[in-house]
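In: Generate a structure from the sequence data that follows.
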Amino acid sequence: MNAKKLQIFQFPCRDDNYGVILRDRETGTTISIDAPETDAIDDVLESKGLKLTHILTTHHHGDHVAGNEALKAKYGCEIIGPKDEEAKIPGIDKAVAHGDTFEIDGHAISVIGTPGHTLGQIAYYFPDQGAAFCADALFALGCGRIFEGTPQMMFTALSRLQALPDETMVYAGHEYTLANAKFALSVDPNNQQLIDRAREIELLRDDGKPTLPTTMQLEKQTNPFLRASDPAIRAVLDMADASDLEVFTEIRSRKDRF
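Out: Down below sits the predicted model:
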């Protein structure tokens with residue numbers, strides 16, 4: 001197994017999406033996590049002299065697959081995506097599901113099922129890189145809106161991601177962190193780590209800088225969607241005796257209305 005580190009390029013696209021490209025400097029293998037926008041990805045590839053070899057699709061929403069067919073036509077790249085949404089992924093060549101593992105040019109990749117936002121969404125974890133690409137399941141200080149699944153599905157999805165090592169770098173699909181921080185403080189107002197992080201986020205966004213990637217450890221400490229068992233949050237919600245799922249469901253409901 002090849003434990004070489006990949007270069008990771010994150011860049012903004014569309015209104016608030018992030019594109020991510022991974023590159024093996026020695027072999028030229030170049031992987032795009034989703035394809036939110038053809039031109040933005042093309043610009044990064046051309047500026048760095050890269051040829052796209054793979055697209056790893058997380059879910060079927062248009063702002064994650066918009067560039068699939070055009071990029072495949074230009075570069076001949078292989079598109080890998082979620083088995084449970086295979087019929088909805090443009091240009092898909094290979095379907096994978098939760099628990100699958102595969103390699104691209106010797107780089108190990110584990111598939112984590114993260115349904116909830118959509119019924120078949122998946123995340124890609126690169127253990128040798130210490131990086132997880134979570135799209136619209138786990139955000140910095142947030143989680144995806146539940147469009148197609150159930151709170152139980154999303155709770156399970158986040159539990160799977162939360163089990164990754166603390167040092168895991170977490171890449172998400174959108175720059176939602178400032179709004180997420182404001183909500184997080186509404187349900188966890190006395191968390192000093194969260195208070196400090198919210199200030200840092202404001203400074204970053206004022207300077208036009210990204211708040212991603214984050215780390216799993218930081219999310220465990222400050223993201224209310226990963227902390228349904230926390231007594232302080234339960235006290236704010238007046239749900240001391242509720243199950244973790246019930247608390248999570250209430251937090252998600254409040255965020256929907258925030």
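
In: From here on, just use CA atoms for contacts and neighbour counts.
Out: OK.

In: For Q162, give me its contacts.
Out: Contact analysis of Q162 by C-alpha atoms under 8 Å, 6 or more residues apart in numbering lists 216, 220, 226.

In: And the residue nearest to the first one when sequence neighbours are not counted, how far from L158?
Out: Nearest in space to M216, with sequence neighbours left out and distances taken as C-alpha to C-alpha, 6 or more residues apart in numbering, is D166 at 4.9 Å. Separation of D166 from L158 (C-alpha to C-alpha, to the nearest Å): 14 Å.

In: Repeat that for T38.
Out: From T38 to L158 the distance is 29 Å (C-alpha to C-alpha).

In: The two: which is more packed in?
Out: A direct count of neighbours by other C-alpha atoms under 10 Å for T38 and L158 places L158 higher, at 22 against 17.

In: you'd agree the more buried one is up against F139?
Out: No: with contacts counted by C-alpha atoms under 8 Å, L158 stays clear of F139, the gap being 10.3 Å.

In: Of all the residues in stretch 118-130, which ones are buried?
Out: 118-127, 129-130 (16 or more other C-alpha atoms under 10 Å).

In: when you check those residues against the strands, which ones overlap?
Out: Those of the buried residues of stretch 118-130 mapping onto strands are 122-126, per DSSP state E.

In: Report the two of these separated the most.
Out: Distance extremes for these: the farthest pair is I122 and F126 at 13.2 Å, using C-alpha to C-alpha.

In: For the closest residue to L52 other than its chain neighbours, give its distance to Y176.
Out: Nearest non-adjacent residue to L52, counting by C-alpha to C-alpha, 6+ apart: T30, 5.0 Å away. For T30, the distance to Y176 (C-alpha to C-alpha) stands at 27 Å.

In: okay, those two: which has more neighbours?
Out: A side-by-side neighbour count of T30 and Y176, using other C-alpha under 10 Å, places T30 first with 23 against 18.

In: okay, the more buried one: pLDDT?
Out: Looking at T30, its pLDDT is 98.

In: can I assume it is in contact with L56?
Out: No: with contact defined as C-alpha under 8 Å, T30 does not count as touching L56 (10.8 Å).
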